[in-house]
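Asks: Here you go, sequence then predicted model.
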Amino acid sequence: MRPVSYLPCTLLLGIVFAGETPKIDTDRKASEHAARSAETMDETAATIVRSAETNGTQVPSSPQDSASQKPAAPKTNGQDPTPQDGLATQASAVEKRVVPLADEPHHQIVLRNDYVHVYSVSVQPLDATLIHRHDLPYLAVSLGATDVENDVAGKPAVRLSLQDSQVIYSTGGFAHAVRTDAGMVFHNVTIELAKPQGAARNLCKQIVAGPLACAEEAAKGKKPPAEAGDDDVPYFETDEVRVDVIKVSGGHDYVAEAPKENAVLVALTNANLDVNLAEHSSFLHEGDVVWLPAGIHRKVVDFLGTHSCFLLVSLMDSAGKESAGGAKP
């Protein structure tokens with residue numbers, strides 16, 4: 001057995017550490033480790049911020065940052081504005097904009113001359129017109145029964161329940177919008193009267209405030225409604241126009257040999273009319289409009305041989321004047 005040699009510990013240490021034994025600077029090592037840890041934390045925080053910005057997440061700030069920041073402006077609805085909010089604001093502005101009657105898209109011009117501006121008006125259920133101005137006096141006849149909200153600018157909204165063929169008259173001078181919030185279509189023909197109208201008087205229908213004058217009509221040689229069988233019912237008149245509703249049927253035609261006044265004819269609900277003016281003939285249905293010049297022979301018949309009604313607006317201010325041959329459709 002070979003004898004074991006034991007070397008002194010000092011000799012072994014001398015072999016491992018040549019020269020002076022080094023001293024370990026523990027304070028410096030701790031500082032370097034802390035610096036590296038801080039850099040790592042900064043990089044991690046930066047990564048979190050970049051990720052949050054990418055995903056749209058709001059990163060809470062430090063108390064120092066919060067103290068230096070100004071509070072955000074309060075949101076009216078608790079949410080950030082969206083593109084839809086912007087569109088809704090624009091739509092609201094359009095709704096509140098007041099337009100001339102001719103520029104309201106639900107009013108389509110069908111006849112225009114020096115005496116009248118005639119519009120076909122149609123508003124589908126759950127829709128509304130723009131706020132539009134009525135600067136002139138006008139007539140309107142309803143085509144079909146309906147129920148609408150009438151919003152006159154500067155006044156509370158009111159409900160209007162209109163019957164089929166109901167006639168209204170207004171002196172104008174206001175702006176309003178019509179809303180079909182009851183789910184019924186609104187269809188009428190509106191006739192703007194270009195001339196000042198003077199006083200309005202009821203004849204055999206209550207169109208404006210005031211008494212009826214049906215007896216006076218009978219005294220003039222007109223047939224009262226009971227005898228006329230509703231074939232010619234005088235509704236009302238102003239100083240310048242007269243409004244009648246006339247019914248024609250098989251064998252009972254409307255004929256005017258040499259009328260003294262220009263007139264507007266409006267075919268009412270379910271009408272099937274053949275309108276003859278000298279050598280010219282027109283077939284009219286509900287809501288159709290035709291200009292009837294003064295001095296031209298007129299004949300209106302129901303071409304199905306049943307019965308049809310029409311509104312006749314005679315323009316007494318045009319009596320003796322040349323017909324408005326330049327009527328524009």
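Replies: Good, I have the coordinates.
Asks: Tell me where the model's unsure across this protein.
Replies: Along the chain, the model assigns pLDDT under 70 to residues 1-95, 218-230, 317-329.
Asks: all helices in it, in order from the N-terminus.
Replies: 9-16, 26-55, 63-68, 83-96, 214-219, 225-228 (DSSP state H).
Asks: any idea how far F186 is from H107?
Replies: Noted for F186: a distance of 11 Å to H107, by Cβ to Cβ, to the nearest Å. For the C-beta atoms, the positions are set from N, CA and C on the backbone; glycine is no exception.
Asks: shared neighbours, those two?
Replies: Each of V121 lies in contact with both F186 and H107 under the rule Cβ atoms under 8 Å, 6 or more residues apart in numbering.
Asks: can you give me the strands in the stretch 151-300 of the chain?
Replies: According to DSSP state E, counting those that start in this stretch, the stretch 151-300 of the chain carries its strands in the segments 158-162, 167-170, 174-179, 186-193, 200-202, 232-238, 241-249, 254-256, 262-267, 272-277, 280-285, 289-292, 298-302.
Asks: out of those strands, deepest packed?
Replies: strand 262-267 (a mean of 25; mean count of other Cβ atoms under 10 Å).
Asks: Name the strands paired with that strand and say parallel or antiparallel.
Replies: Using DSSP bridges, strand 262-267 pairs in its sheet with strand 289-292 (antiparallel), strand 307-315 (antiparallel).
Asks: mind giving me CSV with those strands and columns for distance to N276?
Replies: CSV is the format used below for the strands paired with strand 262-267 (distance: least, Cβ to Cβ, whole Å):
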stretch, distance to N276
strand 289-292, 11
strand 307-315, 14
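Asks: Among these, single out whichever gets nearest to D103.
Replies: In terms of Cβ to Cβ, the element of those nearest to D103 is strand 289-292, at 20.2 Å.
Asks: what's in contact with the closest one?
Replies: 110-111, 113, 118, 120, 189, 259, 262-267, 275, 277, 282, 284, 298, 324, 327.
Asks: Of all the strands paired with strand 262-267, which one is nearest L143?
Replies: strand 307-315 (10.2 Å).
Asks: and that closest one with strand 280-285, angle?
Replies: Counting by axes from the mean of the first three to the mean of the last three Cα atoms, to 10 degrees, strand 307-315 points 120 degrees away from the direction of strand 280-285.
Asks: burial measure for the residue lying closest to Q206 once chain neighbours are set aside, as a count.
Replies: In space, Q206 comes closest to L212 once its chain neighbours are excluded; the distance is 6.6 Å by Cβ to Cβ, 6 or more residues apart in numbering. L212 has 15 neighbours, counted by other Cβ atoms under 10 Å.
Asks: Equivalent analysis for the one 5 residues further on, please.
Replies: Other residues near E217 number 18, with proximity taken as other Cβ under 10 Å.
Asks: Quick one: residues in contact with stretch 187-194.
Replies: 101, 107, 110, 114-123, 134, 136-144, 146, 162, 240-241, 264, 266, 287, 289, 311, 313.
Asks: export the strands of the stretch 151-300 of the chain to a markdown table and tack on distance to V208?
Replies: Output for those, formatted as a markdown table (distance: least, Cβ to Cβ, whole Å):
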| stretch | distance to V208 |
| --- | --- |
| strand 158-162 | 16 |
| strand 167-170 | 6 |
| strand 174-179 | 16 |
| strand 186-193 | 14 |
| strand 200-202 | 5 |
| strand 232-238 | 7 |
| strand 241-249 | 11 |
| strand 254-256 | 26 |
| strand 262-267 | 19 |
| strand 272-277 | 28 |
| strand 280-285 | 28 |
| strand 289-292 | 23 |
| strand 298-302 | 27 |
